[in-house]
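Undergrad: Kindly generate the corresponding structure for this input.
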Amino acid sequence: MGSAVSLAEKNIDSIHAQTYRALQLELPAKDFQTLTGSSEYRRKSFSDAAFFHEQLKLYLVKPLYVGVVFLLWKTGFSLSLGTLIPSLFSTICIGLFIFFWMQKKMKPMHAGILNTLIMLSPPFWDVARYATPDALGGLLVLIAFYFLVERKNFTAFSVLMIAGMLIRIDLALLFLLTIIWLMFPGRKFLSLANGVLITSATVVVVIAVVELLFAGNKGESLTAFYNFGMDNTDALSNYFRKFTGLFPQLRYTFFTVFLAVPMMTLLFTRTLSEWKTNFNVQVILLLFSYTVTRLVLFPSLEDRFFIAEYLIQVIVSVRCWRERNLFTV
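TA: Here you go, the predicted structure:
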């Protein structure tokens, strides 16, 4: 909310006042109290305008999402509602799009049942209620991989992934890993010259750097992630504490459930050499590599970060099963 206000207002005190005034007017008193007094961080953000303004760089690094919130606000929606509408709308679109994609690989009735069960699972219920860019970013990644997997259209994939980067900058990692994957010998799924891929990788890096410079963010997002909720400011020790905390997080996530589907596909793969030649298996391995890399950099198993990857791996697994006639769907 503060980042959206800052697009129209430059005075630090005014940004702070408008944001918290909107919160006070638009939220129940109990929720307002939670957001302003439930932790030292929230109390300081509420009482210190300069500190609050410093935190905006953590969100301005997501300019397209902030821009959407700003436009919704300026067209008449309340400021708090403007942060929630993108998530609800995107989750609805994800459900519709995943059905569209699934029914290409199975009977519409079967696709509808599977799609309904997936969309009614907690990861998708939850992400629809969050005032975060995860659902909107997930929608763009999902559509981007549809163009890559089904249409072999690298241009459409790239445009959508760039838009995704402007919503969630960490998606630059997925984009770069995909480009590197396409550079490996034997990846003839797309007829792309290495020069095109190198140029694309350069564009990704440049856009990411510009995003960070625009927000004045020189690594603060990463250190803030490591330090948030910790009792010290030693980012390195906090990183290892978060990393070792990944295993206990499995109790509160659907990560292993959605991992089981692509793992079953890999187990059905007849030979290891097929891992190098089967396009569907390659996509699963690519997304698995991205997930591992992301967890190393950002040790968190929150489902909202992986909703697109969950769905893409389900779809690609169904494609693989159909090719092998493992199931009649």
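Undergrad: if I pick residue 306, what's in contact with it?
TA: By CB atoms under 8 Å, 6 or more residues apart in numbering, the contact set of residue 306 is 255, 258, 291. For every residue, glycine as well, the C-beta is placed using N, CA and C.
Undergrad: Tell me, how many residues neighbour residue 175?
TA: Residue 175 has 26 neighbours, counted by other CB atoms under 10 Å.
Undergrad: Please renumber the chain so that the first residue is 20 from this point on.
TA: From this message on, residue numbering opens at 20, which makes the last subject residue 194.
Undergrad: What residues does it make contact with?
TA: By CB under 8 Å, 6+ apart, the residues touching residue 194 are 177, 180-181, 183-184, 223.
Undergrad: Including distance to residue 161 and secondary structure, could those go into CSV?
TA: Formatted as CSV, the contacts of residue 194 follow (distance: CB to CB, whole Å; DSSP: H, G, I helix; E, B strand; the rest coil):
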residue, distance to residue 161, secondary structure
177, 15, helix
180, 11, helix
181, 15, helix
183, 10, helix
184, 15, helix
223, 19, helix
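Undergrad: Out of these, give me the one that has the most neighbours.
TA: Tallying neighbours with other CB under 10 Å puts residue 183 at the head of these, with 27 neighbours.
Undergrad: Quick check: that residue vs residue 155, distance?
TA: Distance, residue 183 to residue 155, by CB to CB, to the nearest Å: 9 Å.
Undergrad: Ok, residue 72 next?
TA: In terms of CB to CB, residue 72 sits 25 Å off from residue 155.
Undergrad: of these two, who's got more company?
TA: More crowded of residue 72 and residue 155, by other CB under 10 Å: residue 155, with 26 against 17.
Undergrad: Surely that one is in contact with residue 85?
TA: No: between residue 155 and residue 85 there is no contact under CB atoms under 8 Å: 11.3 Å.
Undergrad: which residues of the protein score low on pLDDT?
TA: 204-208, 289, 344-348 (pLDDT under 70).
Undergrad: just the strands in this structure please.
TA: For the chain, applying DSSP state E gives no strands.
Undergrad: Show me what the lengthiest helix in it is packed up against.
TA: Looking across the chain with DSSP state H, the single longest helix is helix 98-121. Here helix 98-121 touches helix 21-25, helix 31-45, helix 82-93, helix 127-138, helix 141-146, helix 153-168, helix 326-343, going by 3 or more CB pairs under 8 Å, 6 or more residues apart in numbering; DSSP states H and E.
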